[in-house]
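[1] below: sequence and its predicted model.
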Amino acid sequence: MTSFIIHGIGVSNGIAIGKAHLISNALLEVAQYDINSKNIPAEIKRFDEAIASVKTELNKIRTQLPSDAPGELDAFINTHIMILSDKSLSILPRSIIENERCNAEWAIKKQMDSIVNQFEQIEDKYLRERKQDVIQVVERVIKVLLGHSNKIAVQNKEKLTILVAHDISPADALHFKKHKYAAFITDGGGVTSHTAILSRSLNIPSIVGLQNARSLIRDNDLIIVDGMQGVVIVNPSSQVQKQYKKLQDFWNNEQDKLQDIKSKKSITQDGNLISLFANIEVPNDIDAVNASGATGIGLFRTEFLFMNRQDMPDEEEQFQAYKKVAEAMGKKPVIIRTLDSGADKQTALDNKKISPNPALGLRAIRLCLSEPKVFMTQLRAILRASQFGNIKILFPMLSSISELRQTKLILERAKASLRKDKIRFNEKIIIGGMIEIPAAAISADIFAQELDFLSIGTNDLIQYALAIDRTDETVSHLYNPLHPAVLKLIALTIKSAQKYHKSIAICGEMAGEPKLTKLLIGMGIEQLSMHPSHILSVKKQVLNSSMKNMKSLVHKLLNLNEVDKIETLLKKINQIN
Ligand code: PEP
Ligand code: MG
């Protein structure tokens, strides 16, 4: 059997070796045939029944979600229900059946192609990817029309089955939980696709964006999935299998061993506490936070409460969400970031105007300041919840001090309105700002004077400092956290926070990368906030480092101006304690 390699985007780490199980792609099997005019009403009825059946099916999945299902799942399934209910899918194909006298499968496929075509014209990558949701919904309808089951067939119950699909819908992902697939790989999806988001919470190796995997791999082919490298090896030789088996054992052992340090305090060898906090998107993520050993929440991305819906969550709904998280965390800090809507994180607020360059447009704090009612509602909800735990507020995307002052003014108004309504809240609530725009890093001194803490959002800081769209895979090779300019901006921010004795954190993806932990400690970072699944591997690095030893080497590293030299010295830093 020929052995070959396919490259994609690794979105969840680990190595899996197993037999391929291909999920059939109903769309490939659609044929067009003529319907006799007297049979048109019956064909329309068949179409209507298929739509109703899928609606019932999705609603059933939604009500039967297991309690440990990833929080995003409910919202995703709801989106699919909304797409299905839209008249472009549930009504318009009827006229195609009627006018073209064609079968229902062909009519809905034709309608889908036209919707997908419209999505493809959208410049925004996140929105463009949403066409996959439409395809997944239509696939369900076609499967019903063709009399196929929408359940993923479990070919064998071995743990070593690897799912190979064109794309996977969030509803289908539920089966992964029950059947414990070893990994999954898909042709579609990018780093910001729903598939990628879900795979991280399922914690199995996965690769998306393989483009042709489904047509190149056959059922029962032996495959190796290397989630770290984003590589799939099909029909590997026995020698390659042995090598990967060793790598896999090593990886699994390391993961098991990490559990031993779960209850250990995150302290460097010379006694410095480095707080390891978790990033969350929805209140249900709390379970993963508690399982990870995180000692707080360093970033609650509240915009996820606003997504996949046409309305805004009202004060009460938001209050309940924030309160739930605050109560679950007890005395541990919960840093709630105010709405960071815009660019790749679209909410109903972003529908008002198409921005020519959304990453540089009316987003995050700018959007909130232009929508004071929405902002006030959120601030009142956060303040109300502050009674129930250790809540702090974090403002995203600050770029100038006047923006911060305006923001603080609205916060004071929210406080005053609560006082007027005789609603209690923490009068001394702590406020911080995200440093994620180069201008803010350069002026960090003034932000440090007017805020209680700073948190560096390296995802956006790198994007804006290097002019690289963080969601665009064509320039992802240039997206480098070790670029000397990025490190200088981080160092500048840390220095400003230290000068004014303010706490300084990192909450972008750099915080969860163990290879960067010693560097960040050496730079003076006291708090790292990351996806819960990264906490233990970062803690291992903290326990193996001494701040004193790191400092002089890191000082040397910050004076280097070439990435190669920085990488070489970083390797050395990572080898010592
Ligand atoms: C960041 O930009 O680093 C950050 C943490 O915020 P987000 O990823 O939500 O933009
Ligand atoms: Mg950001």
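    Nice, thanks for sending it over. Residues are numbered from 1 along each chain as shown. Ligands and ions are numbered 1, 2, ... in the order given.

[2] next one: the residue in the stretch 301-450 of the chain positioned nearest to ligand 1 from residue 519, what distance?
    Residue nearest to ligand 1 within the stretch 301-450 of the chain: residue 436 (4.6 Å; Cβ to the nearest ligand atom). For glycine as for every other residue, the C-beta is placed from the backbone atoms N, C-alpha and C. According to Cβ to Cβ, to the nearest Å, residue 436 stands 19 Å off from residue 519.

[3] output the contacting helices and strands for the helix or strand containing residue 134.
    Per DSSP states H and E: residue 134 is located in helix 131-145. If contacts are counted by 3 or more Cβ pairs under 8 Å, 6 or more residues apart in numbering; DSSP states H and E, helix 131-145 sits against helix 40-63, helix 72-85, helix 87-90, helix 104-120, helix 194-202.

[4] average pLDDT for the helix or strand hosting residue 461?
    Residue 461 belongs to helix 458-466 when assigned by DSSP H and E. For helix 458-466, the per-residue pLDDT values average out at 94.

[5] after that helix comes which helix or strand?
    Beyond helix 458-466 on the C-terminal side, the first helix or strand identified by DSSP H and E is helix 484-499.

[6] picking that back up, which elements pack onto the helix or strand following the helix holding residue 134?
    Heading C-terminal from helix 131-145, the first helix or strand you meet, by DSSP H and E, is strand 161-165. Strand 161-165 is packed against strand 15-22, helix 170-179, strand 183-186, helix 213-216, strand 222-226, with contacts defined by 3+ Cβ pairs under 8 Å, 6+ apart.

[7] weakest of these in terms of mean pLDDT?
    Among these, helix 170-179 scores lowest, at a mean of 54.

[8] near ligand 2, which residues of the protein are found?
    Residues of the chain lying near ligand 2 by Cβ under 5 Å from the ion: 436, 457, 460.

[9] where does the stretch 151-300 of the chain dip in pLDDT?
    Residue ranges of the stretch 151-300 of the chain with pLDDT under 70: 151-159, 169-180, 189-202.

[10] closest residue of it to ligand 1?
    Closest point on the stretch 151-300 of the chain to ligand 1, by Cβ to the nearest ligand atom, is residue 299, at 5.8 Å.

[11] doesn't residue 507 make contact with that residue?
    Yes: if you go by Cβ atoms under 8 Å, residue 299 and residue 507 touch, sitting 4.2 Å apart.

[12] what sits in contact with each of those two?
    277, 279, 335, 455, 529 (Cβ atoms under 8 Å, 6 or more residues apart in numbering).

[13] most surrounded residue in those residues?
    Highest neighbour count within those: residue 455, with 30 neighbours (other Cβ atoms under 10 Å).

[14] now for the helix or strand hosting it, which elements pack on it?
    Following DSSP H and E, one finds residue 455 within strand 453-456. Counting by 3+ Cβ pairs under 8 Å, 6+ apart, the packing neighbours recorded for strand 453-456 are strand 430-435, helix 444-450, helix 484-499, strand 503-506.

[15] want to throw these into a markdown table with mean pLDDT?
    Shown next, in a markdown table, are the helices and strands packed on strand 453-456 (pLDDT from 0 to 100):
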| stretch | mean pLDDT |
| --- | --- |
| strand 430-435 | 98 |
| helix 444-450 | 98 |
| helix 484-499 | 98 |
| strand 503-506 | 97 |
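
[16] present the ones you listed as JSON lines; the columns should include mean neighbour count and distance to residue 478.
    Shown next, in JSON lines, are the helices and strands packed on strand 453-456 (neighbours: other Cβ atoms under 10 Å; distance: least, Cβ to Cβ, whole Å):
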{"stretch": "strand 430-435", "mean neighbour count": "24", "distance to residue 478": "22"}
{"stretch": "helix 444-450", "mean neighbour count": "18", "distance to residue 478": "25"}
{"stretch": "helix 484-499", "mean neighbour count": "20", "distance to residue 478": "12"}
{"stretch": "strand 503-506", "mean neighbour count": "24", "distance to residue 478": "21"}
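
[17] would you list the ones you listed in a markdown table and tack on distance to residue 370?
    A markdown table is the format used below for the helices and strands packed on strand 453-456 (distance: least, Cβ to Cβ, whole Å):
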| stretch | distance to residue 370 |
| --- | --- |
| strand 430-435 | 18 |
| helix 444-450 | 21 |
| helix 484-499 | 26 |
| strand 503-506 | 27 |
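
[18] starting from whichever strand or helix holds residue 233, tell me which strands it pairs with and how they run.
    Taking DSSP H and E as the definition, residue 233 sits inside strand 231-234. Next to strand 231-234 in the sheet, as set by DSSP bridges, lie strand 4-7 (antiparallel), strand 222-226 (antiparallel).

[19] can you list the buried residues in the shortest one?
    By neighbour count, with 16 or more other Cβ atoms under 10 Å as the criterion, the buried positions of strand 4-7 are residue 6.

[20] then stretch 365-378?
    365, 366, 367, 368, 371, 374, 375, 376, 377, 378.

[21] quick one: which of these is nearest to residue 414?
    residue 376 (5.4 Å; Cβ to Cβ).

[22] mind listing what the closest one touches?
    410, 413, 414, 417.

[23] measure the residue nearest to the second one when sequence neighbours are not counted to ligand 2 for me?
    The spatially closest residue to residue 413, leaving aside those adjacent along the chain, is residue 376, at 6.8 Å (Cβ to Cβ, 6 or more residues apart in numbering). With the distance defined as Cβ to the ion, to the nearest Å, residue 376 ends up 22 Å from ligand 2.

[24] any idea how far residue 376 is from residue 407?
    For residue 376 relative to residue 407 (Cβ to Cβ), the value is 12 Å.

[25] ok so, going back, could you give the number of residues near the residue of the stretch 301-450 of the chain closest to ligand 1?
    28.

[26] for residue 267, which residues are in contact?
    273, 274, 542, 543.

[27] what do you get if the cut-off is 10 Å, keeping everything else the same?
    Residue 267 makes contacts with 273, 274, 539, 542, 543, as judged by Cβ atoms under 10 Å, 6 or more residues apart in numbering.

[28] for ChimeraX, what selects the buried ones among those residues?
    To isolate the buried subset of the contacts of residue 267 in ChimeraX, counting by 16+ other Cβ under 10 Å, use the following:
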select :274,539,542,543
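
[29] closest to ligand 2 among the contacts of residue 267?
    Taking Cβ to the ion as the measure, ligand 2 sits nearest to residue 274 out of the contacts of residue 267, at 21.8 Å.

[30] tell me if I'm right that that closest one and residue 526 touch.
    Yes: assessed by Cβ atoms under 10 Å, residue 274 is found in contact with residue 526 at 6.3 Å.

[31] between those two, what contacts are shared?
    The overlap between the contact sets of residue 274 and residue 526 (Cβ under 10 Å, 6+ apart) consists of 520, 547.

[32] which ones are touching the closest residue to residue 544 other than its chain neighbours?
    Nearest non-adjacent residue to residue 544, counting by Cβ to Cβ, 6+ apart: residue 577, 5.5 Å away. Shown in contact with residue 577 (Cβ under 10 Å, 6+ apart): 268, 269, 270, 518, 543, 544, 545, 546, 549, 550.

[33] same check on residue 262?
    291, 292, 293, 535, 536, 539.
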